[in-house]
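A.B. asks: sharing a sequence plus its predicted fold:
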Amino acid sequence: MKKNIFYAALAAMFVTSGILHYSHASATTQIIVCSIAIVLAAAFLGKATESVAHYAGQRMGGFLNATFGNAAELIIAIFLVKEGLFEMVKASITGSIIGNMLLVLGLSLLLGGLKFKVQRFNVMLAGHNASLMLLAVIVLFIPAVFAREFTVEKTETFSLAVAGFLILAYLLWLLFSMVTHKNELADVIEAGNGQPSAHAHEEPAWSKRVSILFLFLATAMVAFVSEWLVGNLEDFSTRFGLSELFVGAFLIAIIGNAAEHSAAIFLAMKNKIGAAVEIAIGSSLQIALFVAPVLIFVSYFMGNTMDIVFTTYELVAIGVAAFITKSISRDGTTNWYEGVLLLLVYIILGIAFFMV
């Protein structure tokens, strides 16, 4: 009965969002309704991801959720690139990276830690995630320093070269983690007291085919509603006096990653912290090493190349987020207080971005 009510509410909010969008209702009304629709669609996506993870493993389930969740943000960013709004695109990339590492992971550790005293995931995976986060920071810092001495043409060429190597690094990471060292990076499924998790043998909600179908369906719904919502953000931000940097780094990033937010939290609360970490950190890495470089090439083929030079504010935010996330996740264990630390850093960065 509860499931039927949820599905009915999801369908109703999705249809209502579409009607308001195409009937050109007020921006504020659309944002409120679309936000509710995204929350419901994200919960649906989280359930589908959990079901897929039962068949494919926590890591693959987390990877699929990060990928499908980032699809919404990639679609939004492509529209922004087409309009030449490169600064907002880079701000949204920054917001997505720090949002996943600080907000999504922070909430997951906090709520999961309140239920389970200590949660564990693969230590080797934690180490490699930390190294990749540092790689992303280094690669983003280098263009910001050296591009000052380059001409516009050289900056564009350098950006394309860096983007190509980042994509290569990400593809090699997938080969390493999913194929050659799959067993070494296997999931750790146990409760906080060291006993096997009570949820390890839960039956999935749907069959394998239905789970995959619902994963695609939920992602499509999130993508559509996100696009409708973002289309009203400019009017909304102007009305309330919000800066382009704050809108891109926080509002668009939070909205575009709503799917990962709920899915990671739900999984952490079921002591599936491995999948939650894969969603949060894996999504940040995917944005930095794959989505951002892809947008560089997309802009190139559209005839107006976006460079990979980020502002000092954005670089500081990414560097701070990577540093504290690496410090917290390197030992492969988590607790609720570590979640609080991540959330505090996110709030402080949000205040700083709001005041810029």
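C.D. replies: Nice, thanks for sending it over.

A.B. asks: quick one, strands of this structure?
C.D. replies: 119-120, 333-334 (DSSP state E).

A.B. asks: of these, which is nearest His181?
C.D. replies: Comparison of the strands of the chain against His181 by CB to CB identifies strand 119-120 as nearest, at 18.8 Å. C-betas here are computed from N, CA, C, even on glycine.

A.B. asks: avg pLDDT for that closest one?
C.D. replies: In this model, strand 119-120 carries a mean pLDDT of 87.

A.B. asks: burial measure for Ser211, as a count.
C.D. replies: 22 (other CB atoms under 10 Å).

A.B. asks: okay, the strands of the chain in CSV with mean neighbour count and distance to Ser211 next?
C.D. replies: Compiled in CSV, the strands of the chain are given as follows (neighbours: other CB atoms under 10 Å; distance: least, CB to CB, whole Å):
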stretch, mean neighbour count, distance to Ser211
strand 119-120, 24, 24
strand 333-334, 22, 27
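
A.B. asks: is it true that Val162 touches Ile308?
C.D. replies: Yes - Val162 is in contact with Ile308 according to CB atoms under 8 Å; the separation is 5.5 Å.

A.B. asks: quick one: low-confidence residue ranges for the stretch 201-350 of the chain.
C.D. replies: Residues of the stretch 201-350 of the chain that meet the criterion pLDDT under 70 lie in 201-203, 253, 255-260.

A.B. asks: out of Val162 and Ile308, which sits in the more crowded spot?
C.D. replies: A count of neighbours by other CB under 10 Å puts Ile308 above the other of Val162 and Ile308, at 26 against 19.

A.B. asks: I figured that one hits Pro143, correct?
C.D. replies: Yes - in this structure, Ile308 is within contact of Pro143 by CB under 8 Å, at 5.0 Å.

A.B. asks: got any residues that touch both of the two?
C.D. replies: The contact sets of Ile308 and Pro143 overlap at 158-159, 162 (CB atoms under 8 Å, 6 or more residues apart in numbering).

A.B. asks: so for whichever helix in the chain runs longest, mean pLDDT?
C.D. replies: Using DSSP state H, we find that the single longest helix of the chain is helix 27-56. Average pLDDT, helix 27-56: 81.

A.B. asks: for it, name the packing helices and strands.
C.D. replies: helix 2-22, helix 58-82, helix 208-230, helix 233-240, helix 258-269, helix 273-286 (3 or more CB pairs under 8 Å, 6 or more residues apart in numbering; DSSP states H and E).

A.B. asks: returning to that earlier point: looking at the strands of the chain, which is closest to Ala66?
C.D. replies: Evaluated over the strands of the chain, closeness to Ala66 peaks at strand 333-334, with 18.0 Å, by CB to CB.

A.B. asks: return the list of helices and strands in contact with the closest one.
C.D. replies: The contact analysis (3+ CB pairs under 8 Å, 6+ apart) places strand 333-334 against helix 105-115, strand 119-120.

A.B. asks: for that strand, the distance to its chain's centre please.
C.D. replies: Centroid separation between strand 333-334 and its chain, computed with CA atoms, centre = their mean, to the nearest Å, is 20 Å.

A.B. asks: partners of that strand in the sheet?
C.D. replies: strand 119-120 (antiparallel) (DSSP bridges).

A.B. asks: one step back: tabulate the helices and strands packed on strand 333-334 (a markdown table), appending distance to Tyr22.
C.D. replies: Listed next are the helices and strands packed on strand 333-334 as a markdown table, based on distance: least, CB to CB, whole Å:
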| stretch | distance to Tyr22 |
| --- | --- |
| helix 105-115 | 34 |
| strand 119-120 | 44 |
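
A.B. asks: which of the ones you listed has the lowest average pLDDT?
C.D. replies: strand 119-120 (a mean of 87).

A.B. asks: how far off centre is that strand?
C.D. replies: Distance, stretch centre to chain centre, for strand 119-120: 21 Å (CA atoms, centre = their mean).

A.B. asks: low-confidence ranges, the stretch 51-200 of the chain, go.
C.D. replies: 57-59, 61-62, 65, 69, 72, 186-200.

A.B. asks: 50 instead, please
C.D. replies: Scanning the stretch 51-200 of the chain for pLDDT under 50 picks out the ranges 190-200.

A.B. asks: first-to-last residue distance for stretch 169-183?
C.D. replies: For stretch 169-183, the first-to-last residue distance is 21 Å (CA to CA, to the nearest Å).

A.B. asks: and that stretch, which residues are buried?
C.D. replies: 169-170, 173, 177 (16 or more other CB atoms under 10 Å).

A.B. asks: re the thing from before, can I get the shared contacts of Ile308 and Pro143 in TSV with distance to Asn232?
C.D. replies: Below are the shared contacts of Ile308 and Pro143 laid out as TSV (distance: CB to CB, whole Å):
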residue	distance to Asn232
Phe158	36
Ser159	31
Val162	34
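
A.B. asks: of the helices and strands packed on helix 27-56, which stretch is the most buried?
C.D. replies: helix 273-286 (a mean of 30; mean count of other CB atoms under 10 Å).
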